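Q: got a structure for you, letters missing:
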Ligand code: APR
Ligand code: PHB
């Protein structure tokens, strides 16, 4: 088999990249380990920055998102019995974020990708192994329908997430990994109940962090900070709602509408970056190259900037024979990645309970109070939350 771009992983990164390339007639084969149903069922965050919204529209899949997505102009921070609103739009020159679940976005992407003659998706591809990328002979071996296959290509895009085969195929002495694992997890719950408030609420509480989010006007998504040792099965819905109420301030605690959950899971929190993001003809994109803790919902939005840079660079190569953007991909993408890693780390650090030492919360509250008293402090939160611009000189 032969193609121009071999894409490993059919999550949001791989699917978006394939669509953007296809618009310029560039062909790709996407190798996905799971089935479509499995990928679509994964529940992830649901906040899109303007850069991601633009990318989705550009890829031709913005129709349902524009109809059903909820634009948010602010969110609330709660600490020390105070509720403070961050006016995202007012502080960032009118920028907003959109609430639209990654699950829905992934469905929209699949509907388009599977109709596209320039894109071939191979599901349940096993033992995917990229080779030859340092020798200008990029090749991927894999097994499909029980048959060994070999795919030759010009470039490989590793869009296969944190546990994928792409980064794993690079010798350890050719890369550097930076990692911080946080000593707690997020227990998330989805319920068919109206959200407690029309905007998101991030709560710093002596019992631990809580987040009130949503997927629509009738579907809520809530999170609780929990110890990593907790088992999701041990958390009944009642226990979840009870604990959430304890962490919420009035009027939210008493107006919270509860109901049966239809998804509950515990996710660990991690900051992770690999450098560089290019290894000869292999490029890492999205979660394959970096992970952020979910505080601030930057994960999917960082994948968007990688996809923007790599699609721009590949198109410049095929259309004009330009190498320069491919050469600058890693450095350019990493600059925005580190900015988001810093913000996600900071937001996590200031909102969560790390220890039982009471000095910790006092210092967190002092920092949050200071930032809220200062226009500059609120602006820095708003600018980072709505998402930093993509590099303007990457054209
Ligand atoms: N071979 C083929 N496919 C693989 C392999 C492999 N060895 N390993 C993983 N995959 C597939 C996964 O099954 C998944 O469908 O790669 C895909 C990776 O998708 P995501 O993990 O969603 O990563 P990405 O597409 O980069 O999406 C951006 O940012 O923080 C997050 O929640 C956010 O998932 C979102 C991500
Ligand atoms: C979510 O809705 O899942 C969500 C929202 C905001 C975050 C993280 C997750 O910071």
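A: That came through, no problem. Quantities reported herein were computed from a predicted structural model and do not represent experimental measurements. Ligands and ions are numbered 1, 2, ... in the order given.
Q: show me what contacts the closest residue to residue 41 other than its chain neighbours?
A: For residue 41, ignoring the flanking residues on the chain, the nearest one in space by Cβ to Cβ, 6 or more residues apart in numbering is residue 103 at 7.3 Å. For the C-beta atoms, the positions are set from N, CA and C on the backbone; glycine is no exception. The neighbourhood of residue 103, defined by Cβ atoms under 8 Å, 6 or more residues apart in numbering, consists of 40-44, 46.
Q: give the helix, strand or coil label for residue 103.
A: For residue 103, the assignment made with DSSP: H, G, I helix; E, B strand; the rest coil gives helix.
Q: what sits against the residue nearest to residue 299 when sequence neighbours are not counted?
A: The shortest distance from residue 299 to any non-neighbouring residue, by Cβ to Cβ, 6+ apart, is to residue 292 (5.6 Å). The contact partners of residue 292, by Cβ under 8 Å, 6+ apart, come to 271, 298-299, 302, 340-341, 344-345.
Q: out of these, which are inside strands?
A: Per DSSP state E, strands hold the following members of the contacts of residue 292: residue 271.
Q: of all the contacts of residue 292, which comes closest to ligand 1?
A: Nearest to ligand 1 out of the contacts of residue 292 is residue 299 (Cβ to the nearest ligand atom; 1.9 Å).
Q: ok, that closest one to residue 108 distance?
A: Residue 299 sits 18 Å away from residue 108, going by Cβ to Cβ, to the nearest Å.
Q: which parts of the stretch 101-250 of the chain sit against ligand 1?
A: Listed as neighbours of ligand 1 in the stretch 101-250 of the chain under the rule Cβ under 6 Å from any ligand atom: 102, 125, 128, 159-161, 163-165.
Q: most neighbours among those, which one is it?
A: The residue in these with the most neighbours, by other Cβ atoms under 10 Å, is residue 159 (33 neighbours).
Q: helices along the stretch 101-250 of the chain, start to end?
A: 102-113, 165-168, 237-247 (DSSP state H, counting those that start in this stretch).
Q: mean confidence for the shortest one?
A: Looking at helix 165-168 alone, the average pLDDT works out to 98.
Q: ok, residues contacting it?
A: Here helix 165-168 has contacts from 8-9, 128-130, 156, 158-160, 175, 274, 282, 284, 288-289, using Cβ under 8 Å, 6+ apart.
Q: are any of the residues you listed buried, and which?
A: 8-9, 128, 130, 156, 158-160, 274, 282, 284, 288-289 (16 or more other Cβ atoms under 10 Å).
Q: which of these fall in strands?
A: 8, 128, 130, 156, 158, 274, 282, 284.
Q: hmm, back to that, can you tell me which of the contacts of residue 103 is nearest ligand 2?
A: Among these, and counting by Cβ to the nearest ligand atom, the member closest to ligand 2 is residue 46, at 4.2 Å.
Q: in this protein, what residue lies closest to ligand 2?
A: Going by Cβ to the nearest ligand atom, ligand 2 is nearest to residue 213 of the chain, at 3.2 Å.
Q: that residue: what's its closest spatial neighbour, skipping adjacent residues?
A: Nearest-residue entry for residue 213: residue 221, 4.3 Å, with adjacent residues in sequence omitted and distances by Cβ to Cβ, 6+ apart.
Q: residue 30 and residue 116 touch, don't they?
A: No. Counting by Cβ atoms under 8 Å, residue 30 does not reach residue 116; the two are 10.4 Å apart.
Q: can you pull out the low-pLDDT segments for the stretch 251-395 of the chain?
A: Filtered on pLDDT under 70, the stretch 251-395 of the chain yields no residues whatsoever.
Q: flag every residue of the stretch 51-200 of the chain that's near ligand 2.
A: residue 200.
Q: so which residues of the stretch 51-200 of the chain form strands?
A: Here the stretch 51-200 of the chain has its strands, by DSSP state E, counting those that start in this stretch, at 70-72, 75-79, 82-86, 97-99, 119-122, 126-131, 139-144, 147-152, 155-158, 176-191, 200-203.
Q: out of these, deepest packed?
A: Most buried of these, by mean neighbour count (mean count of other Cβ atoms under 10 Å): strand 155-158, with a mean of 28.
Q: who are the packing partners of that one?
A: strand 5-8, helix 12-22, helix 165-168, strand 282-284 (3 or more Cβ pairs under 8 Å, 6 or more residues apart in numbering; DSSP states H and E).
Q: name the residues that touch it?
A: Against strand 155-158 from outside (Cβ under 8 Å, 6+ apart): 4-9, 13-14, 17, 28, 130, 133, 138, 140, 164-167, 281-285, 288-289, 310, 314.
Q: buried ones in stretch 332-340?
A: 332-334, 336-337, 340.
Q: over to stretch 255-272?
A: Applying 16+ other Cβ under 10 Å to stretch 255-272 flags 256, 258, 261, 264, 266, 269, 271-272 as buried.
Q: now, which of the residues you listed lie close to ligand 2?
A: The subset of the buried residues of stretch 255-272 within reach of ligand 2, by Cβ under 6 Å from any ligand atom, is empty.
Q: so which of those sit within helices?
A: Using DSSP state H to define helices, no part of the buried residues of stretch 255-272 is located there.
Q: determine which two of these are furthest apart.
A: 258 and 272 (34.7 Å; Cβ to Cβ).
Q: could you measure from residue 357 over to residue 369?
A: Residue 357 sits 19 Å away from residue 369, taking Cβ to Cβ as the criterion.
Q: next: residue 222.
A: From residue 222 over to residue 369 the distance is 25 Å, taken as Cβ to Cβ.
Q: who has more neighbours out of those two?
A: The neighbour count for residue 222 versus residue 369, taken as other Cβ under 10 Å, is higher for residue 222 (26 against 15).
Q: beta partners of that one?
A: Here residue 222 shows beta-bridge partners residue 189, residue 212, assigned using DSSP bridges.
Q: contacting residues for it?
A: 188-189, 191, 210-213, 240, 244.
Q: so which bits of the stretch 201-350 of the chain are right by ligand 2?
A: Selection of the stretch 201-350 of the chain residues close to ligand 2 by Cβ under 6 Å from any ligand atom yields 211, 213, 221, 294-297.
Q: looking at this, residue 392 is in a helix?
A: No. With three-state DSSP as the criterion, residue 392 is located in coil rather than a helix.
Q: could you measure the residue nearest to residue 182 when sequence neighbours are not counted against residue 205, distance?
A: What sits nearest to residue 182 in space, not counting adjacent residues and going by Cβ to Cβ, 6+ apart, is residue 269, at 3.9 Å. Residue 269 sits 17 Å away from residue 205, going by Cβ to Cβ.
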